[in-house]
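Asker: 3D model of this:
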Amino acid sequence: MEPLDLLKRTAVEYRTRLVAVPADRWGDPSVCGEWTVTDVADHIVGGNRFAVALLDGASTEEAMAAARTGSFEGAPTDLFDETAAAQLAAFEADGALDRIVHHPAGDMPGAAFIGFRAGDLLLHGWDIARSTGGDDSLPGQLAEAIHAVYLPTADTARTFGIFADTGTEVTDDAPIAQRLLVLTGRA
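Answerer: Sure thing, here's the model as predicted:
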């Protein structure tokens, strides 16, 4: 799947789960440790801002600061729409997929970074749905693409606490969505 198509499709999946959150569930605990459902949504908004800054040439520290700038007040869907549009525009800019960004995991081209952003959207959409009783199914083609992105870095991600080690074993013939969820610390 082409990188920009992957980002667009995971953004649609994430937004579908975001708009399905009942108004009285935003303060509920999420499946993401100490975070509420709103905290997960804010994380995505911050990640979108982070991506725009990195693609604009910011250092890791500058991009982290950009992730926290701007308001997190307002409807989570509106905040997502605004920042997702800015993120997509940044990735669509001439040369963005070839540009080297200074990600906390190391320098990488925009084409690799876009996979991490798409993974964040797909998986945190699942987290929100699971936390609020929504549809937490993952489309097979997207799960397969994100699994391919994360598989080479999963051990490192576990070492740094980005992915939990659930201790769950899955076979290679298990459904791809299940393999992705276990790979990224979701059981």
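
Asker: give me the neighbour count for residue 141.
Answerer: 12 (other C-beta atoms under 10 Å). Glycine gets a C-beta too; all of them are placed from N, C-alpha and C.

Asker: which residues touch it?
Answerer: Contacts for residue 141 (C-beta atoms under 8 Å, 6 or more residues apart in numbering) come out as residue 1.

Asker: recalculate using a threshold of 10 Å.
Answerer: 1, 6, 9, 176 (C-beta atoms under 10 Å, 6 or more residues apart in numbering).

Asker: pick the one among the residues you listed closest to residue 112.
Answerer: residue 6 (11.8 Å; C-beta to C-beta).

Asker: list the residues that contact the closest residue to the closest one other than its chain neighbours.
Answerer: Distances taken as C-beta to C-beta, 6 or more residues apart in numbering place residue 118 nearest to residue 6, at 4.6 Å, with adjacent residues excluded. Neighbour list for residue 118: 1, 3-11, 13-14, 91, 142, 145-146, 149 [criterion: C-beta under 10 Å, 6+ apart].

Asker: show me which of those residues are buried.
Answerer: Buried members of those, scored by 16 or more other C-beta atoms under 10 Å, are 3-4, 6-11, 13-14, 91, 142, 145-146, 149.

Asker: quick one: the helices in the chain, in order.
Answerer: For the chain, applying DSSP state H gives helices covering 3-19, 37-55, 60-68, 76-92, 110-132, 140-150, 154-159, 176-183.

Asker: as CSV, those with distance to residue 166 and mean pLDDT would be great.
Answerer: CSV is the format used below for the helices of the chain (distance: least, C-beta to C-beta, whole Å; pLDDT from 0 to 100):
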stretch, distance to residue 166, mean pLDDT
helix 3-19, 22, 98
helix 37-55, 19, 97
helix 60-68, 27, 95
helix 76-92, 27, 98
helix 110-132, 14, 97
helix 140-150, 14, 96
helix 154-159, 10, 80
helix 176-183, 6, 93
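
Asker: and of these, who's closest to residue 98?
Answerer: helix 110-132 (6.6 Å).

Asker: got the buried residues for that closest one?
Answerer: Per 16+ other C-beta under 10 Å, helix 110-132 contains these buried residues: 110, 112-132.

Asker: do the same with stretch 168-184
Answerer: By neighbour count on 16+ other C-beta under 10 Å, the buried set for stretch 168-184 is 176, 177, 178, 179, 180, 181, 182, 183, 184.

Asker: quick one: end-to-end distance for that stretch.
Answerer: 11 Å (C-alpha to C-alpha, to the nearest Å).

Asker: thinking again about what came up before, residue 167: which of the helices of the chain is closest?
Answerer: Comparing the helices of the chain by C-beta to C-beta, helix 176-183 comes nearest, at 9.6 Å.
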